[in-house]
Structure formats: structure tokens, C-alpha cells
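Participant: everything below, folded, please.
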Amino acid sequence: MPGRNYFSILMACVLAGLLLFVSGAAAADAKREPVAKSADQIYWDMGDGTVFDSETRLMWMKRDYWQAQRGWVNWYTAMEFMQRMNNKHFAGYDDWRLPTPEEAKTLYNRRKRNIDKDGDKIFIDPIFPEGSGWGTWTSEERGGKAVVVSYKGNGGEAYQDKINGPDAFLRLVRGPLP
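Facilitator: Residues are numbered from 1 along each chain as shown. Next comes the predicted model:
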């Protein structure tokens with residue numbers, strides 16, 4: 001059956017091409033060199049508007065919504081912003097998303113010092129530029145509320161109204177990367 005043999009060869013070629021494409025994309029991420037690293041070598045500034053966390057393997061937008069848009073953001077607008085960044089292929093990627101609460105909490109560290117938009121102390125690595133918001137919306141939602149993770153004081157998380165949450169902010173993430 002020559003037709004069956006041709007189909008098998010064709011499928012093998014398609015699968016090989018797909019494997020090369022996927023491994024090439026992962027290799028492109030792995031081959032990029034940071035332009036700077038945090039004092040503890042955990043956070044890597046990739047020089048393209050992103051910061052890579054070498055422990056969690058998450059890639060964060062270096063500037064948050066406040067720094068990019070100069071305004072607060074409700075949860076629905078945060079979702080629209082995420083879609084815009086994906087449509088623009090921000091930093092070459094189209095898989096940006098809101099972090100989970102657990103992921104967002106990995107940025108909080110009492111030994112790290114930074115300054116938020118109001119000049120108040122927040123506890124995220126100074127590899128992120130000063131002047132950001134004091135927290136971020138997350139993907140966890142319940143009805144008309146979603147979780148916001150704070151980087152002020154003792155940190156923590158709280159459900160806020162998706163539309164009228166008081167002065168909420170956003171920092172998008174992607175990954176974890178291989």
C-alpha cells in the first residue's frame with residue numbers, strides 16, 4: 001500500500017517539524033542573556049522590558065500598569081491590557097497573563113526594598129523600577145471580586161471588587177519557562 005507509506009512519512013515530517021519549532025522557541029528563551037542581575041542573582045533584567053525570576057522560572061513585565069499607563073486599573077481593564085500586550089507581542093511574547101496569587105506573592109520579600117508611586121516602601125526587588133503600584137491583581141476570582149496581592153507592610157492578599165477595587169494595580173507574568 002504505497003498511499004499508507006506516504007501518509008506515515010508525511011506525518012513523521014510534520015511531527016519532526018513541530019518538535020523543532022517548539023524546542024527552538026524554548027531554546028531562544030534560554031539563550032537570551034540578561035543585561036543585569038539582582039544582588040542575589042535571582043532576578044534577571046532581560047533588557048526588553050522583562051524580568052526573569054531564575055527560581056520560579058516566571059517572566060514578569062518590568063514596569064507595571066501604573067508605570068505604563070499612569071492610572072489605576074480595575075480587573076476588567078487589567079484583562080483588556082493583558083490582551084493588548086499579547087496582541088502587540090510585548091517583548092516578543094503573546095502568552096502574558098495575570099499571575100495567580102501564589103505567583104504574585106513570590107515577588108514579596110521583606111529583605112528587598114523599593115519605592116511605590118507615592119514614595120512609600122514596598123518589598124519587591126529593586127531590579128523593578130521605582131514608582132510602581134503597591135500590588136497586583138491576580139487571576140483568582142469569585143463572583144464580582146478578585147484577589148489583589150499587596151507588596152506593602154506585611155504583604156498578603158484580599159478580595160477586591162473587580163470594578164471599584166480601591167487603587168488596584170497590575171503586573172503581568174508569563175511562564176513558568178522550561
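Participant: any idea which element the residue lying closest to Glu140 once chain neighbours are set aside lies in?
Facilitator: Nearest in space to Glu140, with sequence neighbours left out and distances taken as Cβ to Cβ, 6 or more residues apart in numbering, is Val147 at 4.3 Å. From N, CA and C alone the C-beta is placed, and that goes for glycine too. Using DSSP states H and E, Val147 sits in strand 145-150.
Participant: who's in contact with the longest strand anywhere in the chain?
Facilitator: Counting residues, the longest strand found in the chain (DSSP state E) is strand 135-142. Residues outside strand 135-142 that contact it (Cβ atoms under 8 Å, 6 or more residues apart in numbering): 64, 73, 75, 78, 97-101, 103-104, 146-152, 157, 159, 162, 165, 168-171.
Participant: returning to what we had before: quick check, the residue nearest to Glu140 in contact with Pro101.
Facilitator: Yes. Judged on Cβ atoms under 8 Å, Val147 makes contact with Pro101 at a distance of 4.8 Å.
Participant: burial check on Ala68, number of neighbours?
Facilitator: 18 (other Cβ atoms under 10 Å).
Participant: could you do the one 4 residues further on as well?
Facilitator: Applying other Cβ under 10 Å, we find 16 other residues in the vicinity of Trp72.
Participant: Gln41 now?
Facilitator: Using other Cβ under 10 Å: Gln41 sits among 10 other residues.
Participant: for it, give me phi and psi.
Facilitator: Dihedral pair for Gln41: phi 70, psi 10, per degrees, to the nearest 10.
Participant: list the contacts for the nearest residue to it once chain neighbours are set aside?
Facilitator: Excluding the flanking residues, the one nearest Gln41 by Cβ to Cβ, 6+ apart is Ser54, at 7.1 Å. The neighbourhood of Ser54, defined by Cβ under 8 Å, 6+ apart, consists of 41-44.
Participant: repeat the analysis, applying 10 Å as the threshold.
Facilitator: With contact taken as Cβ atoms under 10 Å, 6 or more residues apart in numbering, Ser54 is in contact with 34, 37-38, 40-44, 177.
Participant: can you pull the poorly scored residue ranges out of this protein?
Facilitator: For the chain, applying pLDDT under 70 flags the ranges 1-31, 166.
Participant: can you give me the helices in it?
Facilitator: For the chain, the helices defined by DSSP state H cover 2-31, 65-69, 75-87, 101-105.
Participant: circling back: can you list residues touching both of Val147 and Pro101?
Facilitator: 136, 138-140, 157.
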